[in-house]
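Enquirer: the following block contains a protein sequence and its predicted model.
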Amino acid sequence: MNPILIFLFALVCILLFTARFRFHPFLSLVSVSILTGILAGQPLGAVEAVTAGMGRVFSHFAVIITCGSVIGLLLQRTGGMSVIADDIMRFSRNPLLSLNFLGFLFSVPVMCCILAYVIFVPIAKELSSKLHNPSISTATALALGALASFNLVYPSPVILSAAGELSANTDMLIIMGFFIALPTSIAGYLYARRFTGAEATGFSGAGEQIMPEFGKPHRLEAYGPVFFPLLLILSQAGFEHPPSLLAFLGDPNVALLIGVLLSLFSGRGLGAAELRALVEKAVRRGGVVLLDLCGGGALGATLALTGVGQALGQLFMQLNMPHILVPFLVAAAFQTVQGSRVVTMLVAPSLLMPLVPELGLPVEILILAMASGTFVFSHVNDPFFWIFGELAELEPPQVFRAYTLGGALMGGVSFLLVCGAYVFFY
């Protein structure tokens, strides 16, 4: 069966199972992954791809998601998130834009837009309650800001590998990437604002707002579990080969475990029994998120097995279109198929390498056009899709509206800015 038809069939099945019939996302994703392998004539290969894809995602995200869930729930219960949200509202005239900026500022230093989102989404949910806005608006502003810099600003992993493979001028890439990413992030913020109206739906957080009997914690106890792990992760940024102790403490898994200890200390007034119950609740919540992530990893690995990425790339390169569209569409095709932006930018440059002389594009423009394509089209095989929805407590149709369509809009804005840079500077 044609790989492109298999891909379209798999996508339609996932949409029907999750959005229409309300099947659990994990079972839907794994079932469609196996069916995809059968249609591709590789049923045994599909089973291996499913287990490998799930294992890869679990090993990468298990500690991060679980720790982030524990920190968020404990700080919500102790009032720490309320302290941070109050400070943002006090010092910022536009809290929604501040969330967008937080995501933009930290996703590159921590080398993961998902990690930046996990760290700050409890603050986003607390702000949604205080602003009487649905959490879909604050979560979208945060997530799209993180995406903008992670996809476009060197030395993000998305840009780094392509810059090395294509021997780009990194100084030019840094400058161009930043000035394209900034308005792209603002476009994401403007898109998030559309969900602040009364017609938007989503969890507001007001129902879970329970203040502790012993009052709000001190600022150090409120900020410590969130920002101290962030400082540990950022402490490696100035070293090409950080000292072993710094590398250990700055590992995101270790840093967030330290954040859990700090959040437990902050909640010591709740008592051992309540702390234990809250941790168990947070771990269960994180487990649900991880199941959905593993399902997405299974689908991505199985679709890669079918060869649909190569088929889509070849189709775009054969069409008679402006040369600058080719890297954008090739990257968009790979992103649509396998879900990982980093993997997309590892594969797409290798595919385009023989065409670089024929395309006649400056390397920096070529890379940023591909990076713009990684915004499009992120859906059920993208781990961030499920993390975004689960931590903001949104249904899949809402995630499509906020994350998928918002990312597509940002990809269009980014690509137009890249075209403008090409016209005016080359």
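Expert: Noted; the coordinates are in hand. Keep in mind that this is a model prediction, so the values were computed, not measured.
Enquirer: just to check, A301 is in contact with V47?
Expert: No - the criterion here is Cβ atoms under 8 Å, and A301 misses it with V47 at 10.8 Å. Using the backbone N, CA and C atoms, a C-beta is placed for each residue, glycine as well.
Enquirer: which of those two has more neighbours?
Expert: A301 (26 against 15; other Cβ atoms under 10 Å).
Enquirer: what ranges do the strands span in the stretch 51-200 of the chain?
Expert: Taking DSSP state E, counting those that start in this stretch to define them, one finds no strands in the stretch 51-200 of the chain.
Enquirer: quick check, pLDDT for S149.
Expert: Looking at S149, its pLDDT stands at 93.
Enquirer: list the contacts for D382?
Expert: For D382, the contact set (Cβ atoms under 8 Å, 6 or more residues apart in numbering) comprises G296, G300, Q335, G339, S340.
Enquirer: JSON lines for those residues, including pLDDT and distance to D251?
Expert: Converted to JSON lines, the contacts of D382 look like this (pLDDT from 0 to 100; distance: Cβ to Cβ, whole Å):
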{"residue": "G296", "pLDDT": "76", "distance to D251": "24"}
{"residue": "G300", "pLDDT": "75", "distance to D251": "25"}
{"residue": "Q335", "pLDDT": "84", "distance to D251": "27"}
{"residue": "G339", "pLDDT": "77", "distance to D251": "24"}
{"residue": "S340", "pLDDT": "78", "distance to D251": "20"}
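Enquirer: mind picking the one among those that's closest to L405?
Expert: Ranked by distance to L405 (Cβ to Cβ), the contacts of D382 are led by Q335 at 14.7 Å.
Enquirer: ok so, going back, quick check: the two most widely separated of the contacts of D382?
Expert: G296 and Q335 (13.1 Å).
Enquirer: any low-confidence regions in this structure?
Expert: 19, 109, 197-215, 237-238, 309-310, 312-314, 316-317, 338, 347, 351 (pLDDT under 70).
Enquirer: so which bits of the strand or helix carrying E280 are buried?
Expert: E280 is part of helix 272-306, with elements assigned from DSSP states H and E. For helix 272-306, burial by neighbour count (16 or more other Cβ atoms under 10 Å) applies to 275, 278-279, 282, 285-286, 288-306.
Enquirer: now the nearest residue to V343 once chain neighbours are set aside: how far from G271?
Expert: With Cβ to Cβ, 6 or more residues apart in numbering as the criterion, V343 has its nearest non-adjacent residue at 7.5 Å, and that residue is F334. Distance, F334 to G271, by Cβ to Cβ, to the nearest Å: 51 Å.
Enquirer: and stretch 376-385, end to end?
Expert: This stretch, stretch 376-385, spans 12 Å end to end (Cα to Cα, to the nearest Å).
Enquirer: so how far is it off the chain centroid?
Expert: 8 Å (Cα atoms, centre = their mean, to the nearest Å).
Enquirer: now swap in stretch 69-81 and tell me
Expert: 22 Å.
Enquirer: just the CA trace of it, in PDB.
Expert: C-alpha atoms of stretch 69-81 as PDB (Å, rounded to 0.1, in the frame of the first residue of the first chain):
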ATOM      1  CA  SER A  69       3.500  16.800  38.300                       C
ATOM      2  CA  VAL A  70       4.600  16.500  42.000                       C
ATOM      3  CA  ILE A  71       6.100  20.000  42.200                       C
ATOM      4  CA  GLY A  72       3.100  21.500  40.600                       C
ATOM      5  CA  LEU A  73       0.500  19.800  42.800                       C
ATOM      6  CA  LEU A  74       2.400  20.400  46.000                       C
ATOM      7  CA  LEU A  75       3.000  24.100  45.300                       C
ATOM      8  CA  GLN A  76      -0.600  24.500  44.300                       C
ATOM      9  CA  ARG A  77      -1.700  23.000  47.600                       C
ATOM     10  CA  THR A  78       0.800  25.000  49.700                       C
ATOM     11  CA  GLY A  79      -0.100  28.300  48.000                       C
ATOM     12  CA  GLY A  80       3.400  28.700  46.400                       C
ATOM     13  CA  MET A  81       1.900  29.000  42.900                       C
END
